[in-house]
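*Asks:* Got a predicted structure plus its sequence, pasted below:
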Amino acid sequence: MSMASSWHKYASPAEASRRRPLILRTDVLIFLAILALVTLGATLMAQSGLISTSFVKTLGKTLCLCLAALAMDLVWGYTGILSLGHFAFFGIGGYAIGMWLMWDRTEAIVQSTLARGPLPATDLQLQEAIGSQIFGVVGASDIPWIWTLAGSLPAQLAAAILVPGVIALVFGWLAFRSRVAGVYLSILTQAGTLALSLWLFQNDSGLRGNNGLSGLQNVPGLESVPQSTLSLWFLWASAVALGLAYLAAVWLVAGRFGSVLRGIRDDEARVRFLGYEVEHYKLAIFTVTAMVCGIAGALYYPQAGIVNPAEIAPIASIYLAVWVAIGGRGRLYGAVIGAAVVSLASSWFTGGGAPNVNLGIYTIRWTDWWLVLLGLSFVLVTLYAPKGLGGLVDLWTEHRARRRTGDLGPDQGALRAEEEQA
Amino acid sequence: MKKVILTAILASTALPALAQEQDCPIKVGVLHSLSGTMAISETTLKDTMEMLVSQQNEAGGLLGCDLEAVVVDPASDWPLFAERARELLTVDEVDVIFGAWTSVSRKSVLPVLEELNGLMFYPVQYEGEESSKNVFYTGAAPNQQAIPAVDYFLEELGVERFALLGTDYVYPRTTNQILEAYLKDNGIADEDIFVNYTPFGHSDWATIVGDVVEMSEDGRQVGVISTINGDANIGFYKELAAADVSAADIPVVAFSVGEEELSGLDTSNLEGHLAAWNYFMSADTAENEEFIAGWHAFIGDESRVTNDPMEAHYIGFNMWVNAVEEAGTTDVDAVREAMWGQEFPNLTGGTAVMGTNHHLSKPVLIGEIRTDGQFDIVSETDPVPGDAWTDYLPDSAVLEADWQELECGMYNTETETCVQIESNY
Amino acid sequence: MTLLRALLLGLCLALPAQAQEGAVQTLLQSHADDIAKPSRRTIQPVLDDLAASGLPGILPFLEAWADKGIVQRDADGLFFYGDRNGDAYALRSVEDGTDAGTAGRREASELKPNAGVRKLIATTLVTFQLNDPDPDRRRAALDALSRNPTPDLLAPLRASIETEENRALRNRKEALDRLISIRFGTDPAIRLAAIDWMSDQVSLEARAALNAVLTTETVVGGAPEGANVARRLETGEDFTEAQALAVLARAEIVPDRVGRGDRDAALIAAIADGEIAGRPVATLDTEAARWAAYDALARAGDAPPRPPEGAVAELIAANPITEIYDEPDPAITDAARAALAEVDARVARAQVADLGLDALSLASIYFLAAIGLAITFGVMGVINMAHGEFIMIGAYTGYVVQRVVPDYTASLVIALPLAFAVAAAAGVVLERLVIRHLAHRPLETLLATFGISVALQQIFKNIFGTQAVPLTSPDWLAGAWTLNDVVGISYIRIAIFILAALFLALLVWILRRTRLGLEVRAVTQNPGMAASLGIDPDRVGMVTFALGSGIAGIAGVAIGLFAQVTSEMGAGYIVQSFMTVVVGGVGSVFGTLAGAGLIGGLQKGIEWLNPSNTLAAQTYMILFIILFIQFRPRGIVAQKGRFAQ
């Protein structure tokens, strides 16, 4: 694609945004309306007993995954950085909030027990009791340094956002500074993710090893609230977070910042020659999306109930990329559609919801064959439908209005141009 | 089996009124991974449960109802265990769940069970330090597997230096911690205990095996206590064989290697190495013969082996059936009370008794691996009551679980207070 | 059931033949309980009694017993040689092995002495076997002796050396003679000579013998007259103050340490009217306050006192703690210590060599796993996430071949080329169907091949099950090459090393000496230019893909021989392989070699520093590599060409 035409296209959404407030753009309105509808509908249906608490939790978790996919889309679909580590940030967010949930719940239990003892509790006694309650399960009783601030909700909430941010900042600074890009960067992020999950797997790292943090669905202070209500609260919180993040993302990509990001995706060298500090832009989007993933994780794991190193395994981050690719890269709603469709389909197929197909000589059990289907359909999407499910929306809008509102499509051929220059 | 049938007939004739009150069919939830990494072990247990349910139905069902197994697949994904358990209890409304394998999956399910007052039978040997009101542990606690095995090493093999090799997760960690404390109590010095943890599926064992062989340099007998899990055992035993370490030189006792695991191995070089379980397929009793025959008939494959967790489910299921009949209902609280003191014959002889701490009293067997992948039982203890809280760690020694008298799963005998009603997750 | 048993019992008793008991049976019956349920702790007197009887039937009985070949008939408790035939045992008399009828499987119990008892039986048999005409039995006797050396066997062993004709066995006997002499000998000159001989050794047996001489006992309050003192223990150097206090407490010089649990128990017991020793209970909410209250109790005599703090040095000066050798002769212990120091130095060097071998072996495995990836990455610029699955395909090919061809050697010979062919074919299919269509979109290739990887893993899981399948190496690859007791490496690992070296040579030859290699190098450096010179990059891509995948298939067979074959085995190697390629430098065979060497060496090095946690080694290695790439992004062997940005 020629340079002139790209710049022409990039300009159009920015112009559009000047004409109309972002929140009133049709696609944004439709998205927010659907989100509100789903949340309200689920609430009503849950209240009337039509859907179970576990389904409400599934919905809430799906919204969190959509939020992570949104972040992934910003970093990959818009900036062209295929990070295979963003789910690690999601996990870190979960760990950060999980530490507070475990600590506070345990502290309350321990305090009430010790208060019933004949001697007033000493601080050391309290610490030891908490330690053996939390870490007894992994054969330890000392409280690792990493839990120093676990008793403070604000500190852990900040950690859920800042720890992913700082890690992304340091990692990104190192990587972008040495001009590590393309597949190299992907492999590096994957290696980093593997290192993190291996580190978490160790008991010595102080986060309960393979067991991870569990019992997270019990929120301290809200013991009297039944899970059926709590799950709705989390659903709402997740929906609000997703809605806000979507608005913020729309604002981000519609402005000059977004244009530079797309420029970096399509031709990094030219953007650099135009005088932009490419590394700063990449670092900024890498860090911000990592923090968004942290928030998503902090909302997700109290609904899942348990966070452990297996969640952070490199494959999870690849799945995140798969969702975005299937949904359609470079369009925000594409990422959300991809994450929602694939993760819900996945739980439908593996949950035994899908009927088995009897071929006479062989019965296809979807619990066994779902991954094959997912893997192959992913290959097919990459080969034949690079726009993903979002491409269907294109077909529809083009058919209706026969006009295009800016190219947010995938980076076809972009890297080829880069190679030729090298 | 005969006893079950007999009691079933007795119960169904004696309690016709209750039978009518029961919602039919009685649903039995089966929560075992059918896909993912744990499918290898857990699918067998799912099949076992389906066999037990169908055998019970052939014998006339329960309380005049047919039993129905509700099978779900948590796919070796720990959070999914909690989700599926919630679905089983609230959507399918099962009366009891048989399930979970790994400790982390059990810990994942626990809060849901306790919140919704469900009932689960957990069939796998585990690290102890837990007693939930809503779980019956039919597998071995450390004092029913690890401690007797160490005693065997100390007493019978004269082992004086110990290598504790494990996969890095909660069961080996906690078990090794208990064993370390126990060994020190028995006068084994710190420097005579070598502890090593490897990742799941570890394959590069040369250095570790070398380290273990080095331990015999001071002339005392070395023994290996292995809590190595799953596939990693294959590389470990291959390396042992390659290094020409025979069981007579350095015996290895494994807590996670049974008949099922050995079927994936060439056992010719493993002869004489040990495993400690509450059940071996080679146990020569009439009950076991009948069980194996039933299993082969159900699964349609004569070469399939039976193993310890299968026996645990067999005992657990039959105890539950008897308890439901005694209680006349599947109501969880009533069944729990009927479970205390419930007795049922082991497949290896003797009788298993369910304690009020929700652990079984069972004999501990130690077997030597034979070339055909089965075990020669070389030691059998009297029935050992399962201890929820180990006596060898100072923090746990003061704790006790008794749901009948104390109504608490974590009771501090020193301060005489119940630490908590719910479990640690 | 009981009725049936009683009936059977009656039947058995009625059989007349069993009434007559021979001398062996009578002797055995006098220890019937111990023999039926033997324990290592109690069986020695029985064994001594049996051996002392001198009955000719005892020796074969002991051998059969240790071999789990004895049964006891439940009805009358008599012992027989028993062979299981279906549902019955064929019984033979313990007197002379003559036929003694049969017993149903439930009428007799097999005796299964445990390994500890078997060891003692073997030791008992040593005296009889040392001069046995069968060399295998003599070897078994020596094995038993070295596992369980006892002083009283020294004389028979020495006596048997003279008549020993087998050279190897004679050497072994002489070595054992020295080993046992060191520990149990009475003549100091012989012992010293033996110790001197040991100082040239590195074997475990030698170290064991020397260490056994140097066992010590800790004594408090000065060594007794004439004792062979090993050393005086100093706090800070040999042990901590807490340990010193514990030793002193054991000698009842200071009171036992009072733990916090003991303290609290004492405090709780002393609660009276809401006060402890005059202090209100509510004030005891700090550790210091509790200790103060406890000390007050102790002063009042209501609780045991605590050991003094801060005065440990004086206490130790007043009560010196010494270690005394159990061996009274200082000449012997000095010699043993010197010899052990020499041995230890040699062992340390050998350990380094052994670690080097392990690292080399690991590096060759990584090399084999990664080299295929390196060439496809270098030539085509694509990352093939399904590379690990080609390794798996190779391993399963090996497994299927073993199922069809039962001979392990033949099956290996067939499996290696077949694994190459199958994996190469799979690679070509992948290249033609997927990768070619994604040319110049490396990120999408990465993700698409990941989809293939997921699908392949699951398909193999569905076909072969989740359980690991066995891939057994032929007998000639079993065992290990051992230089001595420290340095050794299994033959399989040597074979993998040779395989890796072969492929290295082959690839270097192909790349440097063949037309294909020329084309590959051209495409690697500049595909556009190569194409304009008449090279078909597509064809070159396909051939390299086939080659790379094929080598992965062979790597799969090799890995399966020493580790587990599962559908997930490839996934375990994929990240490691990428690291190897990236660290080494993309597109270079020698770069991959360097990368594999670095990663293998690094991993073993970190493992050596922290032997108890293999997981940590892997974590730190990955972190190191991430940092390494920051500072040397093109890898060790930087290649000029399309990826050298």
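*Replies:* Looks like it came in fine.
*Asks:* since we're on residue B:122, how many residues are nearby?
*Replies:* 28 (other C-beta atoms under 10 Å in any protein chain shown). C-beta coordinates here come from the backbone N, C-alpha and C atoms, glycine included.
*Asks:* next one: phi and psi at it?
*Replies:* The phi/psi pair for residue B:122 (degrees, to the nearest 10) reads phi -110, psi 120.
*Asks:* tell me the contacts of it?
*Replies:* B:99, B:100, B:106, B:135, B:136, B:137, B:138, B:139 (C-beta atoms under 8 Å, 6 or more residues apart in numbering or on different chains).
*Asks:* Show me what the helix or strand hosting the third one is packed against.
*Replies:* Meaning residue B:106. Assigned by DSSP states H and E, residue B:106 falls within helix B:103-116. Here helix B:103-116 touches strand A:213-214, strand A:306-307, helix B:78-90, strand B:96-99, strand B:120-122, strand B:135-137, helix B:170-185, going by 3 or more C-beta pairs under 8 Å, 6 or more residues apart in numbering or on different chains; DSSP states H and E.
*Asks:* returning to that earlier point: just name the closest of the contacts of residue B:122 to residue B:291, please.
*Replies:* Within these, the smallest distance to residue B:291 is 14.9 Å, found for residue B:138 (C-beta to C-beta).
*Asks:* what's the distance between the closest one and residue C:358?
*Replies:* The gap separating residue B:138 from residue C:358 is 42 Å, by C-beta to C-beta, to the nearest Å.
*Asks:* Looking at the two now, which is surrounded by more residues?
*Replies:* Shown here are residue B:138 and residue C:358; by other C-beta under 10 Å, residue B:138 has more neighbours (29 against 22).
*Asks:* I'd guessed the more buried one sits against residue B:310; true?
*Replies:* No - applying C-beta atoms under 8 Å, one finds residue B:138 not in contact with residue B:310, separated by 10.7 Å.
*Asks:* Which neighbours do the two have in common?
*Replies:* Both residue B:138 and residue B:310 are contacted by residue B:123, under the criterion C-beta under 8 Å, 6+ apart.
*Asks:* Report the spatially nearest residue to the residue of the stretch 51-200 of chain B found nearest chain C, omitting neighbours in sequence.
*Replies:* Minimum separation of the stretch 51-200 of chain B from chain C (C-beta to the nearest C-beta) falls at residue B:156, amounting to 4.0 Å. The shortest distance from residue B:156 to any non-neighbouring residue, by C-beta to C-beta, 6 or more residues apart in numbering or on different chains, is to residue C:116 (4.0 Å).
*Asks:* can you pull the contacts of residue A:74?
*Replies:* Contacts for residue A:74 (C-beta under 8 Å, 6+ apart) come out as A:249, A:252, A:253, A:261, A:285, A:288, A:289, A:332.
*Asks:* I'd like the average pLDDT over stretch B:411-420.
*Replies:* When pLDDT is averaged along stretch B:411-420, the result is 80.
*Asks:* how about that stretch, does it reach chain A?
*Replies:* Yes - residues of stretch B:411-420 contacting chain A under C-beta under 8 Å from any C-beta of the partner chain: B:412, B:415, B:417, B:418, B:419, B:420.
*Asks:* can you pick the most crowded of these?
*Replies:* Highest neighbour count within the residues of stretch B:411-420 next to chain A: residue B:419, with 21 neighbours (other C-beta under 10 Å).
*Asks:* In this structure it contacts residue A:113, no?
*Replies:* Yes - using C-beta under 8 Å, residue B:419 is in contact with residue A:113, at 4.9 Å.
*Asks:* where do the contact lists of the two overlap?
*Replies:* residue B:412.
*Asks:* hmm, back to that, for the record, mean pLDDT for the helix holding residue B:106?
*Replies:* Rounded mean pLDDT across helix B:103-116 is 91.
*Asks:* Please put the alpha-carbon coordinates of it into CSV.
*Replies:* The C-alpha trace of helix B:103-116 is given here as CSV (Å, rounded to 0.1, in the frame of the first residue of the first chain):
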residue,chain,number,x,y,z
SER,B,103,-4.6,-31.0,45.9
VAL,B,104,-4.9,-27.7,44.1
SER,B,105,-8.1,-28.9,42.4
ARG,B,106,-9.5,-29.9,45.8
LYS,B,107,-8.6,-26.6,47.3
SER,B,108,-10.3,-24.9,44.3
VAL,B,109,-13.5,-26.9,45.0
LEU,B,110,-13.5,-26.5,48.8
PRO,B,111,-15.0,-23.0,49.1
VAL,B,112,-17.8,-23.9,46.8
LEU,B,113,-18.6,-27.1,48.7
GLU,B,114,-18.6,-25.3,52.0
GLU,B,115,-20.6,-22.4,50.7
LEU,B,116,-23.3,-24.6,49.2
